[in-house]
Structures are given as C-alpha cells and as structure tokens.
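Asker: Sequence plus the predicted model coming up.
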Amino acid sequence: MFNADELFAMGIEIEKNGAAFYQAAAVAAGPGAAQRLFTELYEWELDHVALFEKLHDKAVAGKKYSKVEDTDGLGRAYLTAMAANHVFTGASNPATMAKKCKGPRQVIEIAMQFEKDSVALYAGMKGLVPRELGRKHIDTLIHEEVKHIGMLQKKL
C-alpha cells in the first residue's frame, strides 16, 4: 500500500519548488518578455500547489483514502525513483538554481526539464489515485505541464 498523504505531499513540494524557481527567474530576468513568461509560470505553479493541497485534504479527510492500492510495490518504487531524480528535489535549491543561470535560455532549459520530470511523475501518480478522489485532476495537471513545455519550447 502507498500512503496517499505521501503521494500528495510529494506533488505539493515539487510544485512549490517549481514556483520558487520561476519566481527567482522572473526577478533575475528583469522587465520584459522573459519576466512575464516566468511570472505566468510561477502563478500556474501556485495553482498546482492549491490543487494538490485540495486533493490532499480530500484524501486524508476521514482516512477513507489513507492507503493507495499498490500490491506489487512497483508504483511506490517508480514514484520514489522519479521524485529522487526530479530536477528540483534533493540538495538543489530552486531559487539558487535560477539565480545561477546565465540568461533566460538556461532558465528555460532547466524549466523544460522540470516540466518533463513533472509529467513523468504525475503520469505514474495518476494510476495510484482512486477515481473517486479525483484522478481527472491529475490528468489536468499533466495537460498543464505539457502546455508549459510547449510554451517554453517556443521561447528557445
């Protein structure tokens, strides 16, 4: 069994890290198109944090979904591996990473990896989220992350 609390806490942390990265990138970019792009992405990440928090609260209310079915343990192993290798986890500080970038192009390249990592993680997460809990919301997050990748790709 996989703990739903852990699942959504992981999503919340990753989205907060993404928001911190985009916020720092917007400040570093200064006025202009890059700052507007990074500010928009920052705001979207905050929306994702709110969605994960809503799903988390729904999951733990009454403990109905306190455990997520994962009989063979592969879901947990996949998510653990994905989270451990996500660009904004571990020792890396997202805001520091953004400040060290040598211009908007490098920020965009790191941001694209963040978004790709998020898509892969959320795709794995989706199979573990019960339909009644709001699996469709994970689909929405995946779709938005794919849109972010497209937006960023156009800016390269």
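Answerer: Thanks, I have the structure now.

Asker: which residues of this protein fall in helices?
Answerer: 4-29, 33-60, 74-85, 94-100, 104-126, 131-155 (DSSP state H).

Asker: can you put those in a markdown table and add mean pLDDT and mean neighbour count?
Answerer: From N, CA and C alone the C-beta is placed, and that goes for glycine too. Formatted as a markdown table, those follow (pLDDT from 0 to 100; neighbours: other C-beta atoms under 10 Å):
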| stretch | mean pLDDT | mean neighbour count |
| --- | --- | --- |
| helix 4-29 | 85 | 21 |
| helix 33-60 | 88 | 18 |
| helix 74-85 | 70 | 16 |
| helix 94-100 | 87 | 17 |
| helix 104-126 | 88 | 20 |
| helix 131-155 | 84 | 16 |
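
Asker: mind listing what the nearest residue to residue 26 once chain neighbours are set aside touches?
Answerer: Distances taken as C-beta to C-beta, 6 or more residues apart in numbering place residue 38 nearest to residue 26, at 3.8 Å, with adjacent residues excluded. Contact analysis of residue 38 by C-beta atoms under 8 Å, 6 or more residues apart in numbering lists 22, 23, 25, 26, 29, 107.
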